[in-house]
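Peer 1: sequence plus the predicted model coming up.
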Amino acid sequence: MVLLETVLFAAAFYPVLLAWHAVAAHVPSDTARILLASALAIPAYLFFAVSFMLYSALATRVLGWRTADNLDLPLNEFSWPVLNWGRYSMTIHVVRVFAGPAFRSTTFWNLYMRLNGARLGRLVWVNSLSLMDHNLLDFDDEVVIGSDVHLSGHVVEHGRLKTKRVQLGKGTVIGVGSVLGIGVTSGPHAQVGPLSFVPKHTHLEAASTYLGVPVHKLH
């Protein structure tokens, strides 16, 4: 895992260093180099971040690191499905640390999630970095994920890893700071209020509003 992340980081950062070296070679004074480095810092970071997202998604796809659906396995046996889940989760975490702050709630972050296995419809808006197990996320058109929503396809209970796909219907809105368990499904235009908890395997009815810890249907 460390070796892979080191290689991906180097591959994404190396072109930035080459470009800087090529430009700096034609700048005569140290003051001008400092000013140029300051001006290019943000563009260089954005180039690195996009490259890192793309390389990471490609690497997990090639290596087959994904969270398998419908798992119920003990963590301490370190079976291959558990190990692949762990590696996959680590790559997502590293990307969201280095690239997520710049690209959350943008088309670039949606593209990364799609390349990383998520099924996202048109006009999906994801304003949270706390989404894991991308290949177990299935969002229809116009789904909105609010800031700091925690949502994943896995849970660890009593030392066992359990997984299940999360499927959100068209126009579903998940409010700020809410938490969704595994196996949650929703009908079209369901809405979850802020700071709510949706237990695992809950079905949210179409065109209904839910709120609370755990959620209850308002109307």
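Peer 2: Structure received. Numbering: from 1, shown residues only.
Peer 1: could you use CA atoms for every contact and neighbour count after this?
Peer 2: OK.
Peer 1: which residues of this protein fall in helices?
Peer 2: Listed from the start of the chain, the chain has helices (DSSP state H) covering 2-24, 30-63, 80-98, 100-103, 107-115.
Peer 1: need the ones you listed in TSV (columns: distance to Gly146 and mean pLDDT).
Peer 2: Written out in TSV, the entries for those read as follows (distance: least, C-alpha to C-alpha, whole Å; pLDDT from 0 to 100):
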stretch	distance to Gly146	mean pLDDT
helix 2-24	29	90
helix 30-63	22	91
helix 80-98	16	95
helix 100-103	15	93
helix 107-115	14	96
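Peer 1: can you redo those as CSV with mean neighbour count?
Peer 2: CSV is the format used below for the helices of the chain (neighbours: other C-alpha atoms under 10 Å):
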stretch, mean neighbour count
helix 2-24, 14
helix 30-63, 16
helix 80-98, 18
helix 100-103, 17
helix 107-115, 19
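Peer 1: out of those, which gets nearest to Arg165?
Peer 2: Evaluated over these, closeness to Arg165 peaks at helix 80-98, with 13.7 Å, by C-alpha to C-alpha.
Peer 1: quick one, what contacts Phe47?
Peer 2: Each residue near Phe47 by C-alpha atoms under 8 Å, 6 or more residues apart in numbering is listed here: Val16.
Peer 1: so what's the residue count around Ser208?
Peer 2: The local packing count at Ser208 equals 17, with neighbours defined by other C-alpha atoms under 10 Å.
Peer 1: please apply the same query to Asp141.
Peer 2: Around Asp141 there are 17 other residues, counting by other C-alpha under 10 Å.
Peer 1: ok so, going back, nearest approach to Pro214 belongs to which of the helices of the chain?
Peer 2: Closest among the helices of the chain, once you apply C-alpha to C-alpha, is helix 80-98, at 26.2 Å.
Peer 1: can you spell out which helices and strands pack onto that closest one?
Peer 2: Helices and strands touching helix 80-98, as assessed by 3 or more C-alpha pairs under 8 Å, 6 or more residues apart in numbering; DSSP states H and E, comprise helix 30-63.
Peer 1: now do the helix it packs on: distance to the chain's middle.
Peer 2: Centroid separation between helix 30-63 and its chain, computed with C-alpha atoms, centre = their mean, to the nearest Å, is 19 Å.
Peer 1: start at 35, not 1
Peer 2: Renumbered: residue one is now 35, and that last one reads helix 64-97.
Peer 1: for Thr219, find the nearest of the helices of the chain.
Peer 2: Comparison of the helices of the chain against Thr219 by C-alpha to C-alpha identifies helix 141-149 as nearest, at 19.1 Å.
Peer 1: CA atoms of the closest one as PDB?
Peer 2: Once side chains and other backbone atoms are set aside, the C-alpha atoms of helix 141-149 remain, and they are given as PDB (Å, rounded to 0.1, in the frame of the first residue of the first chain):
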ATOM      1  CA  THR A 141     -17.400  17.800 -11.700                       C
ATOM      2  CA  PHE A 142     -13.800  16.700 -11.200                       C
ATOM      3  CA  TRP A 143     -14.700  14.900  -7.900                       C
ATOM      4  CA  ASN A 144     -17.700  13.200  -9.600                       C
ATOM      5  CA  LEU A 145     -15.400  12.100 -12.400                       C
ATOM      6  CA  TYR A 146     -13.000  10.600  -9.800                       C
ATOM      7  CA  MET A 147     -15.800   8.800  -8.100                       C
ATOM      8  CA  ARG A 148     -17.100   7.400 -11.400                       C
ATOM      9  CA  LEU A 149     -13.600   6.200 -12.400                       C
END
